[in-house]
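S.K.: no sequence for this one, just the structure:
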């Protein structure tokens, strides 16, 4: 992504902005803030589903990392069925002042019918929307240079 890792991180932590770049997200409710780094944060993500339906995911954020080497966290989507939790990881690795490698992974284990019968198409739908959202996040930051401009490195003077 052509943006500073710290600026992308700030956008990802700004839940009120998720609907600006993630078209499937309706809203994010923070149910428990977690510690000062957001470890233990409990959030509910309300999202659009095919056919005009809505879904929700209860997500526990943990293993938060904020360092010069990068930013990241893991989240567990807590299922109402024990043993059916899903996980996701977000990682931002600075490659330069305004270049960041972004990696994202979600793991599902659909075990119940009828969902397990449609596992492939469901994953394809989710992954496409997640990839589109990350591209839109980058586009949103490009269109809003004022957003957290304090986190954009000052370019070196031209001599």
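M.R.: In hand now; what should we look at? Here the structure is a predicted model, which means the values were calculated and not measured.
S.K.: measure residue 129 to residue 145 for me?
M.R.: Going from residue 129 to residue 145 by C-beta to C-beta, to the nearest Å gives 26 Å. (Glycine included, C-beta is placed from N, CA and C.)
S.K.: More neighbours: which of these two?
M.R.: Comparing residue 129 with residue 145 by other C-beta atoms under 10 Å, the one with more neighbours is residue 129, at 16 against 11.
S.K.: Hmm, residue 25 and the more buried one touching each other?
M.R.: No: contact status for residue 129 versus residue 25: not in contact, 9.5 Å apart, counting by C-beta atoms under 8 Å.
S.K.: how about the strands of the chain, start to end?
M.R.: With DSSP state E, the ranges of strands along the chain come out as 25-32, 42-48, 54-67, 70-77, 86-96, 99-107.
S.K.: now those strands as a markdown table including mean neighbour count?
M.R.: Below are the strands of the chain laid out as a markdown table (neighbours: other C-beta atoms under 10 Å):
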| stretch | mean neighbour count |
| --- | --- |
| strand 25-32 | 14 |
| strand 42-48 | 17 |
| strand 54-67 | 15 |
| strand 70-77 | 19 |
| strand 86-96 | 16 |
| strand 99-107 | 14 |
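S.K.: Tabulate the ones you listed (a markdown table), appending distance to residue 19 and mean pLDDT.
M.R.: Compiled in a markdown table, those are given as follows (distance: least, C-beta to C-beta, whole Å; pLDDT from 0 to 100):
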| stretch | distance to residue 19 | mean pLDDT |
| --- | --- | --- |
| strand 25-32 | 5 | 97 |
| strand 42-48 | 10 | 95 |
| strand 54-67 | 14 | 95 |
| strand 70-77 | 18 | 95 |
| strand 86-96 | 18 | 93 |
| strand 99-107 | 18 | 89 |
